[in-house]
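Chemist: pasting a predicted model and its sequence here:
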Amino acid sequence: MREHGGNGSGDRPLVLDNARVIDPSRDLDARGSVIVADRRIVAAGPDAARTTRPAGAEVIDCRGMIVAPGLVDMRVFVGEPGAEHRETFASAGLAAAAGGVTAIVTMPDTDPVIDDGALVDFIGRRARDETAIRVHPMAAITKGLDGREIAEFGLLREAGAVGFSDGRHTITNAAVMRRALTYARDFGALVMHHPADPHLVGAGVMNEGEVATRLGLAGIPKEAEIVIVERDVRLAALTRGRCHIAQISCAESLEVVRRAKAAGTAITCGVSINHLTLNENDIGPYRTFFKLSPPLRREDDRQAMIAGLADGTIDVIVSSHDPQDVDTKRQAFAEAADGAVGLETLLPAALRLHHAGEVDLVTLFRAMATRPAELLGLEVGRLAPGAPADLILVDPDAPWVLDADLLRSKSKNTPFEGARFSGRVLRTVVAGRTVFAAR
């Protein structure tokens, strides 16, 4: 097979036979086939054998392979507009397709900030012109991401915003956050918030504790995250608004969310693949590609994140794809920018949890495809008959080593340079069209 880019290949029907079909929307994990025609799923699973196959279909024997819904990544930073040297829609689209991500949700941290309906419309049109994957913009909660004045949610929703977030920024004013949740509730919209109290973060650059002390680096206490999670949970209960904690990283935050869910609060949360597969010890000799926000935590926190994913407390896994260039990463650790690219490594890193026997595949794909689509009100993330034909073909056991120079992202700031993976995407299909096929 060969790699595709651009706007994908034609509308020929597709039949994927003898595959392990995983569809979390139906709790399905079984041997069967997937049939695609007219850009939609005709049948998927064991019952597909009884479905009439469309004439002229491309038929692929998928023995030993997985067919699953295309991934929906809820937290992606793209440099366009304003920082195209770090990432464009075109480069992000190629990276996403190669990683099995068929839909990305872009953050409003751009120049200018996405806090105006015309800019939301621009993002939509620009993305359609530049990439074959689906791009859904999140608009800013507050104007200019300044944490003070609420943006015009109604106009932004009409323009195509799928939700509201201040991206990397935390709203410290509780009254502003209360108004945002109340306002969004009236539109049935999701508010996604980054929990990191900047006053507690201070000059910190990594997780506070023994490792930071040994490295001589200023630490960030867990409480910088926990107090914002606690506050947002209480505000969600007060307003009955839909609040999504963008990323949690420590056991105490998980317990706050677990209690809130048990009480019936409309709270959901995500975790980055980095915090599921890496810990603070990976920073090693001041490796800046491991400098993230929230910071990598202790191993017991990582294990807590895995347990929270397995039991359903954590709803979503994100790549937290945040391209940074040489000028912002090739610095002393304390001065380097936070962030790592992750679109191409989201799935193979997640498969580590499967191979270790820690999380089953249905749970993984629910968190990376089905659940984010549900939270955002998107049709995708499932293989049910009639759903859009956004799917991926995966060899779960293919061994490979990551070479950062071969990443399709413009920026190469991956914490997985040289990592050994088992499992990679062979084909990515969006709306029935192949947008990536491995060589």
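Modeler: Arrived safely, thanks for sending.
Chemist: contacts and neighbour counts: CA atoms only from here.
Modeler: Noted.
Chemist: and Glu208, how far from Ser33?
Modeler: Going from Glu208 to Ser33 by CA to CA, to the nearest Å gives 50 Å.
Chemist: with neighbour numbers in mind, choose between those two.
Modeler: Shown here are Glu208 and Ser33; by other CA atoms under 10 Å, Ser33 has more neighbours (24 against 20).
Chemist: what strand or helix carries that one?
Modeler: strand 28-37 (DSSP states H and E).
Chemist: list the contacts of that strand.
Modeler: Here strand 28-37 makes contact (CA atoms under 8 Å, 6 or more residues apart in numbering) with 11-23, 41-49, 53-54, 67, 362, 389, 432.
Chemist: please repeat the previous calculation with a cut-off of 7 Å.
Modeler: Strand 28-37 is contacted by residues 13-23, 41-46, 48-49, 362, 389, 432 when judged by CA atoms under 7 Å, 6 or more residues apart in numbering.
Chemist: from memory Gly167 sits against Asp109, does it?
Modeler: Yes. Between Gly167 and Asp109 there is a contact at 6.0 Å, judged by CA atoms under 7 Å.
Chemist: in the biggest helix by length in the chain, what's buried?
Modeler: With DSSP state H setting the assignment, residue counts place helix 223-239 as the longest helix in the chain. Residues 223-230, 232-237, 239 are the ones in helix 223-239 that count as buried (16 or more other CA atoms under 10 Å).
Chemist: just the C-alphas of it, formatted as PDB.
Modeler: Provided in PDB are the C-alpha atoms of helix 223-239 (Å, rounded to 0.1, in the frame of the first residue of the first chain):
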ATOM      1  CA  GLU A 223      -2.500  21.300  44.300                       C
ATOM      2  CA  ALA A 224      -2.100  23.700  41.400                       C
ATOM      3  CA  GLU A 225      -4.300  21.200  39.500                       C
ATOM      4  CA  ILE A 226      -6.400  19.800  42.300                       C
ATOM      5  CA  VAL A 227      -7.800  23.200  43.600                       C
ATOM      6  CA  ILE A 228      -9.000  24.100  40.100                       C
ATOM      7  CA  VAL A 229     -10.600  20.700  39.600                       C
ATOM      8  CA  GLU A 230     -12.400  21.000  42.900                       C
ATOM      9  CA  ARG A 231     -13.600  24.400  42.100                       C
ATOM     10  CA  ASP A 232     -14.800  23.500  38.600                       C
ATOM     11  CA  VAL A 233     -16.700  20.500  39.900                       C
ATOM     12  CA  ARG A 234     -18.500  22.600  42.400                       C
ATOM     13  CA  LEU A 235     -19.300  25.300  39.800                       C
ATOM     14  CA  ALA A 236     -20.600  22.600  37.400                       C
ATOM     15  CA  ALA A 237     -22.900  21.300  40.200                       C
ATOM     16  CA  LEU A 238     -24.000  24.900  41.000                       C
ATOM     17  CA  THR A 239     -24.700  25.900  37.300                       C
END
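Chemist: counting by contacts, list what it packs against.
Modeler: helix 174-186, helix 251-262 (3 or more CA pairs under 7 Å, 6 or more residues apart in numbering; DSSP states H and E).
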